[in-house]
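> how would this look folded up:
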Amino acid sequence: MRSMRAWSLNRALIVAILSLGLACKSSPPPAPPEPRRVRPPAAAGQFYPADPGELQSEVRGFLGKATRTATAPVPMVLTPHAGLRFSGQVAAWAFKQLSPGFNRAVIVAGNHNSDARYAGVSCDRSTHYDVPGLEVKVAAANAELCSHHGFTDVPAAHSMHMIEIELPFLDAVNGAPFEIVPLVIGSLSRGETRAVAAELAKLADGKTVFVFSIDLSHYYPYDQAVALDRPCLAALERMDADEAARCTTDATQALLVMTELATILNLAPRLVTYANSGDVTGDRSRVVGYGAMAYEDRFDLGDAERGELLRLARRSMESHVRDGRDLEAPPELMSRFPRLGAVRGAFVTLKEHGELRGCVGTLYAQRPLAEDVAENAVYAAVRDNRFPPVSPQELKDIVVSVSALETPRPVKDPGADGIVSLLRQSKPGLILTYKDRRSTFLPEVWEDLPEPVQFLSHLCQKQGSPGDCWRDLSTRFETYGSLHFGEGP
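Take a look at the predicted model:
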């Protein structure tokens, strides 16, 4: 018994000592704060006023003369970076398209320092950027990016003005603090521009804007400069990467990153304005070109992209029907037009003498848009169970159309009245799932079935369900938009 009591006392003593040790053990000291490395202004007093009040007044004056013309949210812009007196008004038109409320700006420019030669993208190791009257913090994402393959640290690349001159505009537009990711692009292959865009796309969080800081042609006579700049901007609007690669600018590879990023983020480019230094000074002997573009958060395809998809659909259909040979979407087509290589669903519709002859598609994106169109054109011709296969003799009478789809979005518990109200307001494409059956109507079907109740009843009947299945509380709905275009006028 004594030994047991002694053991208990010793055990209690050991526990007490251990507890005391734990209680007295100090926690590790906090990591020391990162030392401030403030990048001073490189071009104050040269490219823009050194006096904070004068700089703010000049920037706000430019913004006051610009108008917001965007019809959708704009998370990305192309803007120039020359001296404010030369390009400030064009820059203001670009920044005017942004909506306030962002907390981070990714600013991408090309390398202007001939002493800094490098491949990849350089991240500035500064913790803050200083311009007169404004200090902006460098975001933590900057250091994270610099740890990735293809990103590097070349201090000399950040010694010039291309990023800092955009900060007063961002500050004036946002009206609240924001952080920046300052990036300067060196040499990149076409494949590397896609990889860089993919990394940047990871920063898109709804509170981040992307600013591509680029000037167009340099020191050509006025008419020659316009002849170089206008086709470049048109190529960017068409999302034609091959033509954009031929642009004469101070950062053409950054334009390719911008085009690839727009593809990933489903943004539609729109030219806002163009001018050159000759329009400002009157000296047209040697000018520099400036473009402002807004990338709107909406899906679109240009005329060239639509035409290529229609030609691809027809070639695929005719090759299969005539020769039994299936065509693949050409990789060079998707390289030239990156949006055609984006993963997106599509329907291909065939009509003969104005009557439906086949319609097959993919509701949920599984592969690049061009590949989806090529395959669904064949399926619409020979695998739509409602019709016999299209014969070679019919091909001349077949009219092809394509519907490129947005991602379907579920409608949460709308109820019968709610779904009717929603459809009456927006007339979207609709997926209806009742029990184990699913059917869809493209937005184009509203032309033939304009009343929501009629639209819903036919959609139920299409899947073999009762015409009022849409009223059942277990029925699920998804809506989507589509971009519809076809052959002919």
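> only C-alpha atoms for contact and neighbour calcs from this point on.
Fine.
> ok, Val77 - how many residues close by?
As a burial measure, the neighbour count of Val77 was computed by other Cα atoms under 10 Å and equals 28.
> list the contacts for the closest residue in space to Thr407 that isn't next to it in sequence?
Nearest in space to Thr407, with sequence neighbours left out and distances taken as Cα to Cα, 6 or more residues apart in numbering, is Tyr480 at 6.2 Å. Each residue near Tyr480 by Cα atoms under 8 Å, 6 or more residues apart in numbering is listed here: Leu405, Glu406, Thr407, Pro408, Arg409, Pro428, Gly429, Leu430.
> In strands, which of these fall?
Cross-referencing the contacts of Tyr480 against strands under DSSP state E gives Leu405, Arg409, Gly429, Leu430.
> Against Ala374, how distant is the residue lying closest to the first one once chain neighbours are set aside?
Counting by Cα to Cα, 6+ apart, Leu405 lies nearest to Ser482, which is 4.3 Å off, once chain neighbours are set aside. Distance of Ser482 to Ala374, computed by Cα to Cα, to the nearest Å: 18 Å.
> Val390 now?
Shown here: Val390 relative to Ala374, a distance of 16 Å by Cα to Cα.
> just Thr67 next, same as before
Between Thr67 and Ala374 the computed distance is 42 Å (Cα to Cα).
> higher neighbour count, the two?
Ala374 (25 against 14).
> Was I right to think that one contacts His320?
No - using Cα atoms under 8 Å, Ala374 makes no contact with His320, being 10.6 Å away.
> okay, and the common contacts of the two?
Common contacts of Ala374 and His320, defined by Cα under 8 Å, 6+ apart, comprise Leu327.
> before we move on, back to that, contacts only, for the residue nearest to Leu405.
Ser482 makes contact with Ser403, Ala404, Leu405, Glu406, Gly429, Leu442, Pro443 under the criterion Cα under 8 Å, 6+ apart.
> that older thread, buried ones from the ones in strands among the contacts of Tyr480, can you make that a PyMOL selection?
Once 16 or more other Cα atoms under 10 Å is used to decide burial, the buried members of the ones in strands among the contacts of Tyr480 can be selected in PyMOL as follows:
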select buried, resi 405+429+430
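> of the ones in strands among the contacts of Tyr480, closest to Gln454?
For the ones in strands among the contacts of Tyr480, the minimum distance to Gln454 (Cα to Cα) is 13.2 Å, reached by Leu430.
> low-confidence ranges in the protein?
Under the criterion of pLDDT under 70, the regions of the chain flagged as low confidence span 1-33, 489.
> And it, what are its domain boundaries?
Structural domains annotated on the chain: 38-296, 303-405, 409-483, as defined by automatic domain parsing.
> got a markdown table for the ones in strands among the contacts of Tyr480, with distance to Pro132 too?
Output for those, formatted as a markdown table (distance: Cα to Cα, whole Å):
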| residue | distance to Pro132 |
| --- | --- |
| Leu405 | 47 |
| Arg409 | 46 |
| Gly429 | 52 |
| Leu430 | 54 |
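> all helices for the stretch 51-200 of the chain, in order.
Using DSSP state H, counting those that start in this stretch, the helices of the stretch 51-200 of the chain run over 52-64, 84-96, 140-146, 167-174, 190-201.
> Out of the ones you listed, flag the one nearest Gly278.
Among the helices of the stretch 51-200 of the chain, the nearest to Gly278 by Cα to Cα is helix 84-96 (8.7 Å).
> on that earlier part again, include distance to Gly354 when you put the contacts of Ser482 into a markdown table, please.
Formatted as a markdown table, those follow (distance: Cα to Cα, whole Å):
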| residue | distance to Gly354 |
| --- | --- |
| Ser403 | 17 |
| Ala404 | 21 |
| Leu405 | 23 |
| Glu406 | 26 |
| Gly429 | 22 |
| Leu442 | 17 |
| Pro443 | 18 |
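> Quickly name whichever of those residues is closest to Pro414.
Lowest distance from Pro414 to these (Cα to Cα) belongs to Gly429, with 15.9 Å.
> centroid residue for the chain?
When Cα atoms, centre = their mean is applied to the chain, the residue found nearest the centroid is Leu265 (2.5 Å).
> Which stretches in the stretch 201-350 of the chain count as helices?
222-238, 241-244, 252-264, 277-281, 303-323, 331-336.
> circling back: could you double-check that the residue nearest to the centre of the chain lies in contact with Leu200?
No - the pair Leu265 and Leu200 does not pass the contact test of Cα under 8 Å, sitting 10.2 Å apart.
> Excluding covalently adjacent residues, which one is nearest to Ser401?
Spatially, and ignoring its direct neighbours in sequence, Ser401 is nearest to Gly486 (3.8 Å; Cα to Cα, 6+ apart).
> I'd like the distance between the one you found and Pro443.
Relative to Pro443, Gly486 is positioned 15 Å away (criterion: Cα to Cα).
> So for the two, which residue has more residues nearby?
Legend: neighbour count by other Cα under 10 Å for Gly486 and Pro443, higher for Pro443 (20 against 17).
> Pull the contacting residues for that one.
Applying Cα under 8 Å, 6+ apart, one finds that Pro443 lies in contact with Lys427, Pro428, Gly429, Leu430, Gly481, Ser482.
> mind redoing it with 7 Å?
Lys427, Pro428, Gly429, Gly481, Ser482 (Cα atoms under 7 Å, 6 or more residues apart in numbering).
> quick one: which of the helices of the stretch 201-350 of the chain is nearest Leu216?
When the helices of the stretch 201-350 of the chain are compared by Cα to Cα, helix 222-238 sits nearest Leu216, at 6.3 Å.
> In the closest one, which residues are buried?
Within helix 222-238, the residues scored as buried using 16+ other Cα under 10 Å are 222, 225-226, 228-230, 232-238.
> out of the residues you listed, who's nearest Thr259?
The nearest one, if we look at those relative to Thr259 and count by Cα to Cα, is Leu236, at 7.2 Å.
> ok, now which ones touch Asp303?
With contacts defined as Cα under 7 Å, 6+ apart, Asp303 has no neighbours.
> Tally up the residues packed near Ala304, please.
As a burial measure, the neighbour count of Ala304 was computed by other Cα under 10 Å and equals 12.
> wait, isn't Met239 in contact with Glu260?
No - when contacts are counted by Cα atoms under 7 Å, Met239 is not listed as touching Glu260 (8.8 Å).
> Pull up the distance across stretch 262-269, start to finish.
8 Å.
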